[in-house]
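*Asks:* coords please:
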Amino acid sequence: MRDLEQFDVLETIIDGVTVAESGVSRIRADRSLSGPPINRFSCRQMAEVDFAMPVSELEKYPFPVIEALDGQLITGKIDLQPMKKEGHWVSDTVRDILKIVVVNRYEEAPVAKAFISNFGLKSGALASSVAHDSHNIVAVGVDDESLVRAVNLVISERGGVSCVRDAEDMVLPLPVAGLMSLEDGYEVADKYTKIDKAAKEAGSNLSAPFMTLSFMALLVIPHLKLSDLGLFDGDRFEVMS
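*Replies:* Numbers count the residues shown, from 1 in each chain. Modelled structure (predicted):
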């Protein structure tokens with residue numbers, strides 16, 4: 001380090017070998033691990049019908065909505081009425097009540113659907129297989145068509161983070177368990193920076209949209225999360241009926 005206060009790293013050495021210096025990796029680009037990456041991914045491509053929420057499914061309203069809190073793992077639990085359109089509950093970008101889904105990546109199962117507030121998207125959708133702790137696919141979007149595009153990008157790559165908006169589709173593949181990349185760390189960081197920027201240009205007012213999204217299925221942190229089985233009350237520690 002240059003000093004122990006600013007912690008400015010000048011050089012990184014592992015087993016006597018310099019692997020990074022002056023902010024540049026010295027790990028050989030052709031260095032690779034042997035064998036295929038470990039990855040359990042067994043879900044089919046989704047269709048809009050998989051994400052549809054007929055009013056008959058949730059006749060009682062207002063109903064619990066996840067409240068995303070910027071920079072927090074804790075979420076709020078608020079009662080709101082999403083927008084109703086042609087017999088279905090749909091996202092409402094004006095009031096910032098967006099549909100959130102969890103897709104089981106390990107086996108065929110019904111898609112879990114709910115709504116989330118304070119995510120801020122005005123167009124498109126975000127999806128990620130980095131979704132603690134089970135690492136199913138979690139996605140939030142302004143409409144079902146965008147959700148399908150974002151989720152299917154992740155499924156096609158057998159893991160990753162994606163952002164779709166207008167005619168633009170972006171995905172950062174994470175082929176190792178749906179959580180990690182085999183590419184150079186600096187290249188991955190550059191791609192992540194670009195997809196994070198795209199999420200914010202799509203309207204998200206969160207400082208780290210994908211980081212926030214990755215914790216929306218983490219059931220052990222209050223107050224309201226979405227599991228692959230449905231909404232989970234973190235205070236009562238039970239799936240909500």
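*Asks:* give the contact list for Trp173.
*Replies:* Residue 173: Pro, not Trp. Contacts of Pro173 were listed using CB atoms under 8 Å, 6 or more residues apart in numbering, and they are Glu157, Arg158, Gly159, Gly160, Ser181. Where C-beta positions appear, they are placed from N, C-alpha and C, glycine not excepted.
*Asks:* Take those and keep only those in helices.
*Replies:* The subset of these located in helices under the criterion DSSP state H is empty.
*Asks:* Could you find which two of those are furthest from each other?
*Replies:* Arg158 and Ser181 (12.1 Å; CB to CB).
*Asks:* lowest average confidence, helix or strand, in the chain?
*Replies:* Sorting the helices and strands of the chain by mean pLDDT, DSSP states H and E puts strand 24-25 at the bottom, at a mean of 86.
*Asks:* what's near enough to touch the residue nearest to Gly185 when sequence neighbours are not counted?
*Replies:* Spatial nearest neighbour of Gly185, excluding adjacent residues (CB to CB, 6 or more residues apart in numbering): Ser25 at 6.6 Å. If you count contacts by CB under 8 Å, 6+ apart, Ser25 has them with Val19, Asp184, Gly185, Tyr186.
*Asks:* Please report how far Ala52 lies from Met211.
*Replies:* 29 Å (CB to CB, to the nearest Å).
*Asks:* what does Lys99 give?
*Replies:* Lys99 is 20 Å from Met211, by CB to CB.
*Asks:* before we move on, what about Pro110?
*Replies:* 27 Å.
*Asks:* average model confidence for the biggest helix by length in the chain?
*Replies:* Longest helix in the chain by number of residues, with DSSP H as the criterion: helix 185-201. Helix 185-201 carries an average pLDDT of 96.
*Asks:* what's the spacing between it and its chain's center?
*Replies:* Centre-to-centre, helix 185-201 and its host chain are 14 Å apart (CA atoms, centre = their mean, to the nearest Å).
*Asks:* so where do the helices sit in the chain?
*Replies:* 48-51, 144-156, 185-201, 209-214.
*Asks:* wait, which of those is closest to Gly35?
*Replies:* Gly35 lies closest, by CB to CB, to one member of the helices of the chain: helix 185-201, at 20.3 Å.
*Asks:* mind listing what's buried in that closest one?
*Replies:* Buried residues in helix 185-201, counting neighbours by 16 or more other CB atoms under 10 Å, are found at Val188, Lys191, Ile195, Asp196, Ala198, Ala199, Lys200.
*Asks:* Among the contacts of Pro173, which one sits closest to Ala127?
*Replies:* Using CB to CB, the contacts of Pro173 come closest to Ala127 at Gly160, 8.4 Å.
*Asks:* in the sheet, who's paired with the closest one?
*Replies:* For Gly160, the beta-bridge partners are Pro173 (DSSP bridges).
*Asks:* my guess is it meets Asn152, correct?
*Replies:* No. Counting by CB atoms under 8 Å, Gly160 sits too far from Asn152 to count as a contact (11.3 Å).
*Asks:* So for these two, which residue has more residues nearby?
*Replies:* Gly160 (25 against 21; other CB atoms under 10 Å).
*Asks:* residue contacts, Glu238?
*Replies:* Contact analysis of Glu238 by CB under 8 Å, 6+ apart lists Phe232.
*Asks:* List the residue ranges of this protein that fall below the pLDDT cut-off.
*Replies:* Along the chain, the parts satisfying pLDDT under 70 run over 29-34, 58, 60-61.
*Asks:* where's Ile78 relative to Ala208, distance?
*Replies:* 22 Å.
*Asks:* Same question for Tyr192.
*Replies:* Going from Tyr192 to Ala208 by CB to CB gives 11 Å.
*Asks:* Right, I'll call it a day here.
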